[in-house]
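**Student:** need a 3D model of the sequence below.
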Amino acid sequence: QVQLAESGGGSVQAGGSLTLSCTASLETDKINYVGWFRQAPGKEREGVAAISTPGDLRFTRDFVEGRFTISRDAAKNTVYLQMNSLKPEDTATYYCATDFIPWYKEPSNWGQGTQVTVSS
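**Tutor:** Here you go, the predicted structure:
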């Protein structure tokens, strides 16, 4: 099973930006979808954005559309989540995941997660 390692979380003020990285243990071209999910305290985990590989077809949820952008660097086996105009409600643990179909089949492979905290 592909191993996933997230990085880039942190604390920012509302309106700020962060970029999350997810590095996979094999070429992302060999993975159908790589995506970002998040879970806030007391809430269910939800999908945020996904990218298909190859082809780079993007799937972005309405509640982050226009603020978050998913991309990948195939040479680095890395998928990014650029998060702009962050809001306090974006505070959550963000997980990279594979082995899913956006947004119909839940992932069965997860990274360890990275915390994002947005203060007002």
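
**Student:** what distance do you get for Arg67 to Trp110?
**Tutor:** 23 Å (CB to CB, to the nearest Å). Heads up, the C-betas are built off the backbone N, CA and C, glycines and all.

**Student:** check Ile101 too.
**Tutor:** Counting by CB to CB - Ile101 and Trp110 are separated by 15 Å.

**Student:** ok, which stretches of the chain are strands?
**Tutor:** 4-7, 10-13, 18-24, 33-39, 46-52, 58-60, 68-73, 78-83, 92-98, 109-110, 114-119 (DSSP state E).

**Student:** next, the contact list for Gln1, please.
**Tutor:** By CB atoms under 8 Å, 6 or more residues apart in numbering, Gln1 lies in contact with 99, 109.

**Student:** can we see that at 10 Å?
**Tutor:** 25-26, 98-99, 108-109 (CB atoms under 10 Å, 6 or more residues apart in numbering).

**Student:** so which of these wins on neighbours?
**Tutor:** Thr98 (25 neighbours; other CB atoms under 10 Å).

**Student:** any idea of the pLDDT on that residue?
**Tutor:** We have a pLDDT of 94 for Thr98.

**Student:** how about Thr28?
**Tutor:** pLDDT, Thr28: 79.

**Student:** for it, which residues are in contact?
**Tutor:** 2, 22, 34, 51, 53-54, 56, 72-79, 98.

**Student:** ditto for Leu81
**Tutor:** Applying CB under 10 Å, 6+ apart, one finds that Leu81 lies in contact with 6, 8, 18-22, 35-36, 38, 48-49, 51, 64, 68-71, 94, 96, 114, 116.

**Student:** done for today, thanks.
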